[in-house]
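Colleague: sequence first, predicted coordinates after that:
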Amino acid sequence: MSMEDRDGYIWVDGELVNWRDAKVHVLSYTFMHGAGFFEGVRVYNGASGPAVFRLQDHTRRFFDSAKILQMKMPFREEEIEQAQIATVSANGLKQCYIRPLGYYDGQMVGLPAQGNGVHVAVAVWEFDDILGKDAKNDGIRVKTSSFSRHHINAAMSKAKANGQYINSMLAINEVKAAGYTDALLLDSHGYVAECTTSNIFMVRDGIISTPEKTAILEGITRDTVMTFAAERGMELKERNITRDELYCADELFVTGTAVEITPIVELDNRVIGDGRPGEVVKTFQKMFNDIVMGHVEDKRGWLTPVK
């Protein structure tokens, strides 16, 4: 089923409209220039019913993106949180993906964005594992892309901005053509940055490392794993990581809303560890699954029920 032709409702500027009627003109500023922002949020149907995972954190990042891009939001954070819950409820979904979007209309012609109105939409849909149904159990194969992440002063990496994903699109198209699942991107200095839509972690001699935050999008799932590690007393460092360090890691894994926590078992035709998901990633996967599925008490306040 195409994303355009389906039943359901999309929240647009405060109203739920028919899915097929949620349209933007082809001459909108965002369509022409890629100046917009978005979020990716998950709903899990746990033991106590459907709940949004880390709704407040995702919504805060959504508003941070708007501020970085100087796109004045016409709604408050609480209103967008409620819009996400209302859209899930209106579509009758129990386990799904939420996509809030901020975009310009097409009132003005030319590169300056001033004068164009800012609009907000929220769409939801049922969601499958984007890396394949066996990825989290078996791991994935990754290749370093010839494309690098943007210099920090060329594109604001803390904004989840539409146009910046051209970089990821080129990278994943390149490695998919070579038979790999995902691409690893280096930063402008040659250090490890992240994968196309996820953050990366390595484990070596019991120490967990992940790239420091300068040139990456600060993932919500990344923060979740770092919280898990701190709670279990595991040593974790944010630092510059070189590509060859990854080859010698005992474990590699990626984190993200879409990919959750997924092992990497091969990088650039080099087997990682013994070629199977390791104990550290399995530990984090279980902790993650336990919280999102309601198997343990939500002591951190990460789950927002969908009523």
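Modeller: That came through, no problem. Quick caveat: nothing in here was measured; it's all calculated off a predicted structure.
Colleague: name the SS class of residue 284, please.
Modeller: Under DSSP: H, G, I helix; E, B strand; the rest coil, the three-state class of residue 284 is helix.
Colleague: if I read this right, it contacts residue 226, doesn't it?
Modeller: No. Using CB atoms under 8 Å, residue 284 is not in contact with residue 226, being 10.1 Å away. All C-beta spots, glycine's among them, are computed from the backbone N, C-alpha and C.
Colleague: compare neighbour counts for those two and give me the winner.
Modeller: With neighbours defined as other CB atoms under 10 Å, residue 284 and residue 226 compare such that residue 284 has more, 24 against 19.
Colleague: the more buried one and residue 75, how far apart?
Modeller: In this view, residue 284 and residue 75 are 34 Å apart by CB to CB, to the nearest Å.
Colleague: and residue 183, by the same measure?
Modeller: 35 Å.
Colleague: higher neighbour count, the two?
Modeller: Taking other CB under 10 Å, residue 183 and residue 75 do not tie; residue 183 has more neighbours (24 against 17).
Colleague: counting contacts, what elements does the helix or strand the more buried one falls within pack onto?
Modeller: Using DSSP states H and E, the element containing residue 183 is strand 182-186. Judged by 3 or more CB pairs under 8 Å, 6 or more residues apart in numbering; DSSP states H and E, strand 182-186 is in contact with strand 140-144, helix 165-177, strand 192-195, helix 243-247.
Colleague: in this structure, what helix or strand scores lowest on average pLDDT?
Modeller: Taking mean pLDDT, DSSP states H and E as the measure, helix 29-33 is the helix or strand of the chain with the lowest mean score, a mean of 93.
Colleague: list the buried residues of that helix.
Modeller: The neighbour-count check on helix 29-33 (16 or more other CB atoms under 10 Å) flags 29-31 as buried.
Colleague: so what touches that helix?
Modeller: Here helix 29-33 makes contact (CB atoms under 8 Å, 6 or more residues apart in numbering) with 24-25, 35-36, 103-106, 108, 111, 113, 116, 162-163.
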